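Q: sequence? don't have it. structure:
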């Protein structure tokens, strides 16, 4: 089976390409580095020739509200149109748990717009919604820093290893389209502010984390379950934070 992975050189995409290849599929990474640009359409027809599945794990280079909306709507529209022309049977996209519960976040509004385009495209699909990655702990702290403090809301947080996200995306790509979404999350829940405080402590970072219920996350003030699965149907990753941390230190 030929699977084209849009964003195939990134954190998740490169892992998906590797996993699918190990399972005997022809996994083709596609990104501007390989001459494929979903914003302009350059290279799409060529790379999708003969493709059975398209996996889209690409991301906007800018998180500014207008930029991210333009990226996801334009690139997804171009990609879906090219898929229809090529006769692609299955579209798999990576999205975010809780994106439809965060109307004040420009980034998450753009992910909802992307999902809607996929749902209305007529192309059989699966949307994989994931929680935040273990790898993003320091970046989250940096984005929430005010002076020498990190302001984060004391709400539920259930991060996941990127390896487990890639495995979930790969499984959906190798299976039949469900024309719906699935959620994946880490095996344990934490308090958002306490988890990031632990990340900084491990790194020896002196910044103090402040539990601030009004601190926005990507522009959205969160309530208790804004960014975690809210039902029992979510698949849980196999890797605990402690296991991920030990592997990271070994590498």
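A: Thanks, I have the structure now. Predicted, not measured: the structure shown is a model, and the values here were computed from it.

Q: contact partners for residue 49?
A: Contacts for residue 49 (C-beta atoms under 8 Å, 6 or more residues apart in numbering) come out as residue 86. No exception for glycine: its C-beta is placed from N, CA and C like everyone else's.

Q: next one: it from residue 2, what distance?
A: If you measure residue 49 against residue 2 using C-beta to C-beta, to the nearest Å, the figure is 9 Å.

Q: what ranges does the stretch 101-250 of the chain have for its helices?
A: All helices of the stretch 101-250 of the chain, identified by DSSP state H, counting those that start in this stretch, fall at 106-119, 137-143, 162-174, 192-203, 241-250.

Q: average model confidence for the fourth one?
A: Going back to what we said before, that points to helix 192-203. For helix 192-203, the mean per-residue pLDDT is 97.

Q: now do the buried residues in that helix.
A: Buried residues in helix 192-203, counting neighbours by 16 or more other C-beta atoms under 10 Å, are found at 192, 193, 195, 196, 197, 199, 200.

Q: before we move on, what about the shortest one?
A: Under the neighbour-count criterion of 16+ other C-beta under 10 Å, helix 137-143 has 137, 140, 141 buried.

Q: which among the residues you listed gets closest to residue 75?
A: Using C-beta to C-beta, residue 140 is the member of the buried residues of helix 137-143 that lies nearest residue 75, at 24.6 Å.

Q: shouldn't the closest one be in contact with residue 131?
A: No. Distance between residue 140 and residue 131: 12.0 Å, which falls outside the contact criterion (C-beta atoms under 8 Å).

Q: with adjacent residues omitted, what lies nearest to residue 84?
A: residue 123 (6.4 Å; C-beta to C-beta, 6 or more residues apart in numbering).

Q: I should have written residue 209 there, sorry.
A: residue 197 (3.9 Å).

Q: just put the buried residues of helix 192-203 in a markdown table and tack on distance to residue 221.
A: A markdown table is the format used below for these (distance: C-beta to C-beta, whole Å):
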| residue | distance to residue 221 |
| --- | --- |
| 192 | 12 |
| 193 | 14 |
| 195 | 18 |
| 196 | 17 |
| 197 | 20 |
| 199 | 22 |
| 200 | 22 |
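
Q: thinking again about what came up before, look up how far residue 17 lies from the residue nearest to residue 209.
A: 35 Å.

Q: and for residue 223?
A: Distance from residue 223 to residue 17, by C-beta to C-beta: 37 Å.

Q: kindly report the same for residue 56.
A: Residue 56 is 13 Å from residue 17, by C-beta to C-beta.

Q: same deal with residue 206?
A: With distances taken as C-beta to C-beta, residue 206 is found 39 Å from residue 17.

Q: again with residue 31
A: 11 Å.
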